[in-house]
Structure formats: C-alpha cells, structure tokens
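Enquirer: coordinates for the following, if possible.
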Amino acid sequence: MTYALRQMVVLGCIAAFMPLPALAQSAPPAPPVTVAKPVVRDVVDSDEFIGRFEPVDEVSVRSRVGGYLQEIHFQDGALVKQGDLLFVIDQRPFVTALNQAKATLESAQSALVFADAQYKRTQSLASSGSQSAQTLDDRRREFDSAEANVRGAQAAADRASLDMEYTEIKAPLSGRIDRRLISAGNLVQTDQTVLTTIVSLDPIDFYFDVDERRLLNFADTARKLGKELQQGGGGLDVSVTISDPSAKPFKGKLDFAENRVDNESGTIRLRARFPNPDLVLQPGLFGRIQVEASNTYQAILVPDEAIGSDQNERVVYVVAEDGTVSTKPVRPGPRLYGYRVIREGLDGTETIIVNGLMRARPGAKITPQMTELPQERQDAPPETAGAESGQ
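Expert: Next comes the predicted model:
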C-alpha cells in the first residue's frame, strides 16, 4: 500500500469518529390558524322557496263607450292615484246625445203637466155629472202614459249623462301605470280596446309553490295557532331576499294558500303579503322566501368556511388543547343568522378551525389564534349549491 493511500485510510477512520456539523436546521414552527367555539343559540328552522312578486290588484284599462281617442293625460310609467284622468274620448257626439235626451225629457214633462191638468179637470166635472166615466178613464190613461214617458225620458237622459261621464277614463286604482297602448286619434271599441294597464305596488304579494311534505308541516303549524293554512296560517311571519346582495330581507306575513294540491306537480301555491312603502319590490321580481318550519330549539352554528370535505363526508377540524388537529364528521343543516346549523357531530364545546383550513392537516399541530364568533353574522358569503348535502 502506498503512502498516499495509507494517509487517506487514516483520515477516513478519523473522520468516522468525529462529530459531523449540524447540517439540518430545526423543524419550522406550527402555522398560526384562527380557531373559535361554535355559536350555540336558540333558533327556529326555516324552509326556503323561490317565488315571484305579483301585484295585489291589476287592471286592464278599457273604455265603456266607443269613439275616437282625443286626449292622453299621463306619462308612461308614472305613478297614478285612483280617480286621476287618463284618457278622453271625443265628447261631441255624446254632448249631442245628452242634449237630445234632455229635450225629450222636457217634452215628456210638459206633456205630463198637461195630462195631469186634463185629468183633474175631468175628475171635477165627472163628480158633478158633467163628464162621463168613459172620458174620466181616458184622461186617467193619458196621465199614466205621460208619467211613464217621463220616466223613460229620464232614464234616457241619465244614460246619455253616464255615457258623457264615461268619455273621461279615470284610474280605477292607485299604482304604477304602463305605457299607452293606443295613440290619440285611434278608434276605441267599447269594452274591447285595452288602453293601458295599472298595477298596485303597496302592499305587494309573493307567490311560491310548496311540496306535499312541507305543506303538511306548515298546515300542522297553522292548526297549532288555531288557524287554517288557506286563511294564512294565523299570519305566519316570513321574509324574502332578492338578488340585490345589499338589500336587507323584507318582512311579511303568510296570508293565503290554494284549496287543493296540483295533480301534476304535487305542489300547492301559497301567498305572502309584504308592505312596500319605498316601492323597491316590483311585480314579476324573483325572490327567495324563508318560512318558519319548526319550534324553537338550541342549535350549534358554525361558519360555512369551517366545513370541509373528506371524500363523501362533511367534516370540521377540531383542535385539541396541545394544538393537535383532528377531523369530526358532521351533518349540516340550513343556514341561519349567517351560519350553518350542525345537526349532528358537535356538542358546542369543541374548539374548531374557522379560518385557515389549508394550513391544517389531521394529526399535525397548529398555533391556535382564538377568536369569538358573533351571535349573528352580517358578512356571510353567498350560499353555495349543495351546502346542505348530507342532511
């Protein structure tokens, strides 16, 4: 063995017994994660349905007399009050007819005065034997005929006056008017031509369909209140949210249900009524209505962001006292007060991760940063599809 080789072997043996430098650094600290206790509070479950707003009253404005449209007295889309003048039909033919009817009435009244005088004179002469009974009967018949002619002429004059009044078409209710459907100068057919439409706005109705299962639940709740569902279920409180995320829920009351279930769809239509003083709600607008579906009970609420998925299960991440993370399967329920109701899996004493799920792994440790959840959450994100799967 050469000298150089012997030197390498010796140096290798020495190095084997020498402590190596610490090449590996210490493990990274546990990641910080926001944790909190679930919210535990008394709640009432609600069912949600999609429906549409409809006016309480709606009128298609038609003319009761025929003629040529002469004037229009409103702006398209304006708010009108009951009794406001909307259209005027050419009044000249009706003025002529009214004058003729009045003249006929005056003539009949004059004939009645003459017949009355003749009858009274004949009656006086007949009492002294100067006139025969036959003449008295003739004068009586002439008086009765003149009296009937006056009544007929009066009816004709009243009808002509009414037709004259109908030439001014007024709003039958207060609300928002549609555009004019016919222009001035066009011929209007009696009771046929639609001139415009008016819908009432305050209050406003909301119609939605309920399946048979939940219908029976609502009907039972109404009976416990001593009312029938068809009569509004005792004015059960409801709320509606619209597509505008900045709008707060609108509060109303259930007030009607149809008297039979639809044979084809297996649903029944219900109606709720909402005050609408600011006219925000419009006929035809879609919304989501929440209807109370249970008695008051104590529920466990967690944010939707705290619920994760493990294959086909919904889970929440629970943190032990030493910071170790584990998962618990849960069964989510409806969303209330900005949180998700947990039907099964939690008892409310656990510490769960509410923010930072991506930094946590089952079996690993985290640095918990404790926070307190408010009783009601106003900044909850929109509900996603399938959020209640597993119920």
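Enquirer: hmm, D76 is touching R180, no?
Expert: Yes. The pair D76 and R180 qualifies as a contact (Cβ atoms under 8 Å) at a distance of 6.3 Å. Using the backbone N, CA and C atoms, a C-beta is placed for each residue, glycine as well.
Enquirer: more neighbours: these two, which one.
Expert: Each of D76 and R180 has its neighbours counted (other Cβ atoms under 10 Å); R180 has more, 17 against 10.
Enquirer: pretty sure the more buried one is touching G77, no?
Expert: No. In terms of Cβ under 8 Å, R180 does not count as a neighbour of G77; the distance is 10.3 Å.
Enquirer: any common contacting residues for these two?
Expert: Common neighbours of R180 and G77, counting by Cβ atoms under 8 Å, 6 or more residues apart in numbering, are absent.
Enquirer: direction included, what does the strand ranked longest in the chain pair up with?
Expert: Among all segments of the chain classified by DSSP state E, the strand with the greatest residue count is strand 325-336. Counting by DSSP bridges, the strands paired with strand 325-336 are strand 313-319 (antiparallel), strand 339-344 (antiparallel).
Enquirer: for that strand, the distance to its chain's centre please.
Expert: Between the mean C-alpha point of strand 325-336 and the mean C-alpha point of its chain there is a distance of 32 Å (Cα atoms, centre = their mean, to the nearest Å).
Enquirer: thinking again about what came up before, can I get the strands paired with strand 325-336 in a markdown table including mean neighbour count and distance to S174?
Expert: Putting these into a markdown table (neighbours: other Cβ atoms under 10 Å; distance: least, Cβ to Cβ, whole Å) gives the following:
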| stretch | mean neighbour count | distance to S174 |
| --- | --- | --- |
| strand 313-319 | 20 | 51 |
| strand 339-344 | 21 | 42 |
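Enquirer: pipe those strands into a markdown table and attach distance to L301 per row.
Expert: Supplementary listing: the strands paired with strand 325-336 in a markdown table, determined by distance: least, Cβ to Cβ, whole Å:
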| stretch | distance to L301 |
| --- | --- |
| strand 313-319 | 12 |
| strand 339-344 | 4 |
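Enquirer: out of those, which is closest to I89?
Expert: With distances scored as Cβ to Cβ, the stretch of these nearest to I89 is strand 339-344 (61.7 Å).
Enquirer: residues contacting the closest one, please?
Expert: Where contact means Cβ under 8 Å, 6+ apart, the residues beyond strand 339-344 that reach it are 38-39, 43, 45, 299-304, 307, 316, 330-335, 373, 377, 380, 387, 391.
Enquirer: what's the neighbour count on the closest residue to V88 other than its chain neighbours?
Expert: Take V88 and drop its neighbours on the chain: the residue closest to it by Cβ to Cβ, 6 or more residues apart in numbering is E71, 3.9 Å away. By the measure other Cβ under 10 Å, the count of residues near E71 is 15.
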